[in-house]
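Trainee: sequence-free structure coming up:
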């Protein structure tokens, strides 16, 4: 009798092991916009915005990834591995306005005003039907006075070193600010708010 009761208890408990207690994480693919090339001048800005959006969505509990495909390419394939797709269509640029040289006997620094702008439409698509669910527009801008070059030397030899990495740092800062706002809007759409 004890063996029958034990067998019934085990048989009754096995289906309980099939339940997954982990919460559902919607999978969101951040796709490349149509008409953008991975090799054009502003590709690093667009990639910075896409990667920052992916990271921000992950920090909010979503299973987010970046895809090198466009919505049109995903529509032609049968492999749609996301619950939602996000496409960022927009423009980003960084302009350097002038420069002021501050120099001494053996060193020279050029300060410039860098203005970075990101303006984008964020389009959300259903992962199964690729139906457009929502479109949001936003823009961010950052202005900073930064050193754009440093010169060292004396009257016989002088070398100038450009500092383009500071421009990229500012672009990433604007991309992260833009991605935070995009992620908030995507979260609202996913949760139905």
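Mentor: Cool, the structure landed. Every value quoted in this text rests on a predicted model; they were computed, and no experiment measured them.
Trainee: how about low-confidence regions in the protein?
Mentor: Applying pLDDT under 70 to the chain flags residues 1, 5-9, 11-24, 35-44, 79, 158, 165, 193.
Trainee: Isn't residue 46 up against residue 88?
Mentor: Yes. At 7.3 Å, residue 46 and residue 88 qualify as touching, with contact defined as Cβ atoms under 8 Å. From N, CA and C alone the C-beta is placed, and that goes for glycine too.
Trainee: Find residues that contact each of those two.
Mentor: Here residue 46 and residue 88 share the contacting residues residue 33, scored by Cβ atoms under 8 Å, 6 or more residues apart in numbering.
Trainee: Quick check: neighbours of the longest strand seen in the chain in the sheet, parallel or antiparallel?
Mentor: If you go by DSSP state E, the chain has its longest strand at strand 132-153. Paired with strand 132-153 in the same sheet, following DSSP bridges, are strand 107-126 (antiparallel), strand 158-162 (antiparallel).
Trainee: what comes up buried for the last one?
Mentor: Residues of strand 158-162 classed as buried: none (neighbour count, 16 or more other Cβ atoms under 10 Å).
Trainee: quick one, whichever helix or strand comes after that strand and strand 107-126 angle?
Mentor: Following strand 158-162 in sequence order, the next helix or strand is helix 165-190 (DSSP states H and E). Angle, helix 165-190 to strand 107-126, by axes from the mean of the first three to the mean of the last three Cα atoms, to 10 degrees: 20 degrees.
Trainee: wait, which of the strands paired with strand 132-153 is closest to residue 148?
Mentor: When the strands paired with strand 132-153 are compared by Cβ to Cβ, strand 107-126 sits nearest residue 148, at 4.1 Å.
Trainee: can you give me the offset of that closest one from its chain's centre?
Mentor: 14 Å (Cα atoms, centre = their mean, to the nearest Å).
Trainee: For the residue nearest to residue 140 when sequence neighbours are not counted, list the residues it contacts.
Mentor: Closest residue in space to residue 140, ignoring its immediate chain neighbours: residue 178 at 4.5 Å, by Cβ to Cβ, 6 or more residues apart in numbering. Contacts for residue 178 were tallied using Cβ under 8 Å, 6+ apart; they are 49, 52, 118, 120, 138, 139, 140.
Trainee: what about residue 178, distance to residue 130?
Mentor: Look at residue 178 and residue 130: by Cβ to Cβ, to the nearest Å, they are 24 Å apart.
Trainee: next one: residue 2
Mentor: Residue 2 is 58 Å from residue 130, by Cβ to Cβ.
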